[in-house]
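Trainee: I'd like to go over a predicted model; first the sequence, then the structure.
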Amino acid sequence: MDYEQAMGMGNDTVVRRVRHFDLEQTLDCGQCFRWRKNADGSYSGVALGRELTVGQRGGDLIFHDTAPGDFRRLWRPYFDLDRDYGAVKRALCSDSVMRRAVDFCPGMRVARQEPWEALCTFIISQNNNIPRIKGIVQRLCEGFGRLLPGGGFAFPGPERLAGLQPQDLADIRSGFRARYILDAVRLVHAGELELDTLYTLELARARESLMRVKGVGPKVAECALLYGLGRAECFPVDVWIARALEQLYPGGFPAAFAPVAGIAQQYLFHYIRHHPGDSGNSKE
DNA sequence: AGCCAGGGTCTGC
DNA sequence: GCAGACCATGGC
């Protein structure tokens, strides 16, 4: 476990001595689209149907208006705090390229988002850029999500999106992805795609299931599995990762990293986006 | 102004 | 099986 202690402090929960965790590196690395940075450096967002503001001071995390029980039940798994990132990073750092990527964002963690939200947001992500993805997701939630006590909006589930017309999704400027979202809604709402079974289903079959949705190809399926279903071995290849592989791993990505390839991918994604010219010939 | 974006589908060889 | 046009939209 990557923290020492979680204790209530008034209405908040303080998590002491959290290791391998940085809010910005985790919440602004292109894996989730609903968090915003506040003026004081904390982050606010909606996940798991809840509003949360979480700050970081020294080695501690402060979960505002959160009971310790809710931290343990909701946010500890969400932020993947039960995984030993020290061990993951040590393994990855045996490779010089991965060491550079990990050193660039040593506090990045792969969040465990809800399956439907991950599937839906990564359908929206296709041939799109991150700022605009965030905008579309925000309008989707404001338009169709449940209003929460703090004024935020939950991510709308398939039951809330069932019955929408393509025009409704054109209105939030989702472009050609509107019918893809609706096809995912249809399959999930009809019970023809049971996302909860994909946590443990054999990977090849899980991929096939997801790719029955129109607009879901290998990359989006891989994202849904990695970010939404906790399948750390999944390895989404977008244009950035394709470039990184081309520039940094002409001989192929190390097979030894397979069990945590998705986490490696996330370090690499964040690194290459901030070092677009890196061709791998660093002297360090 | 134009290229590009956490891609996928469809068509034509 | 594989290349290429096409898809909406807007960030930069």
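Mentor: That came in fine, so what should we check first? Keep in mind it's a predicted model, so treat the numbers as computed, not measured.
Trainee: residues from the stretch 151-284 of chain A in reach of DNA strand C?
Mentor: Applying C-beta under 7 Å from any atom of the strand, we find that the stretch 151-284 of chain A lies next to DNA strand C at A:170, A:173, A:175-176. (Glycine included, C-beta is placed from N, CA and C.)
Trainee: in those, find the pair that's most separated.
Mentor: Using C-beta to C-beta, those span at most 11.1 Å, a distance reached by A:Arg173 and A:Phe176.
Trainee: domain-wise, how is chain A divided?
Mentor: If you go by automatic domain parsing, the domain ranges for chain A are A:5-82, A:91-110+A:232-284, A:115-229.
Trainee: so what's the gap between the last one and the chain middle?
Mentor: In other words, domain A:115-229. 13 Å (C-alpha atoms, centre = their mean, to the nearest Å).
Trainee: number of nearby residues for the residue in chain A positioned nearest to DNA strand C?
Mentor: Of all residues in chain A, the one sitting closest to DNA strand C is A:Gly175 (3.0 Å; C-beta to the nearest atom of the strand). Using other C-beta atoms under 10 Å, A:Gly175 has 15 neighbouring residues.
Trainee: quick check on it: phi, psi?
Mentor: Main-chain torsions, A:Gly175, degrees, to the nearest 10: phi 70, psi -140.
Trainee: hang on, the earlier thing: turn the domains of chain A into JSON lines, columns for mean pLDDT.
Mentor: Converted to JSON lines, the domains of chain A look like this (pLDDT from 0 to 100):
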{"stretch": "domain A:5-82", "mean pLDDT": "98"}
{"stretch": "domain A:91-110+A:232-284", "mean pLDDT": "94"}
{"stretch": "domain A:115-229", "mean pLDDT": "98"}
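Trainee: who's the closest spatial neighbour of A:Leu245, skipping the chain neighbours?
Mentor: Nearest residue to A:Leu245 in three dimensions, chain neighbours excluded: A:Phe253, at 6.3 Å (C-beta to C-beta, 6 or more residues apart in numbering).
Trainee: meant to ask about A:Leu61
Mentor: A:Val15 (4.3 Å).
Trainee: and A:Ser125, how many residues sit next to it?
Mentor: Neighbours of A:Ser125 (other C-beta under 10 Å): 22.
Trainee: tell me the contacts of it?
Mentor: A:133, A:220, A:223 (C-beta atoms under 8 Å, 6 or more residues apart in numbering).
Trainee: what subset of the residues you listed is also close to DNA strand B?
Mentor: Within the set of these, contact with DNA strand B (C-beta under 7 Å from any atom of the strand) is found for A:133, A:220, A:223.
Trainee: so which of those belong to helices?
Mentor: Among the ones next to DNA strand B among the contacts of A:Ser125, DSSP state H puts A:133, A:220, A:223 in helices.
Trainee: what would those residues look like in TSV with distance to A:Thr200?
Mentor: Listed next are these as TSV, based on distance: C-beta to C-beta, whole Å:
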residue	distance to A:Thr200
A:Ile133	29
A:Val220	20
A:Cys223	19
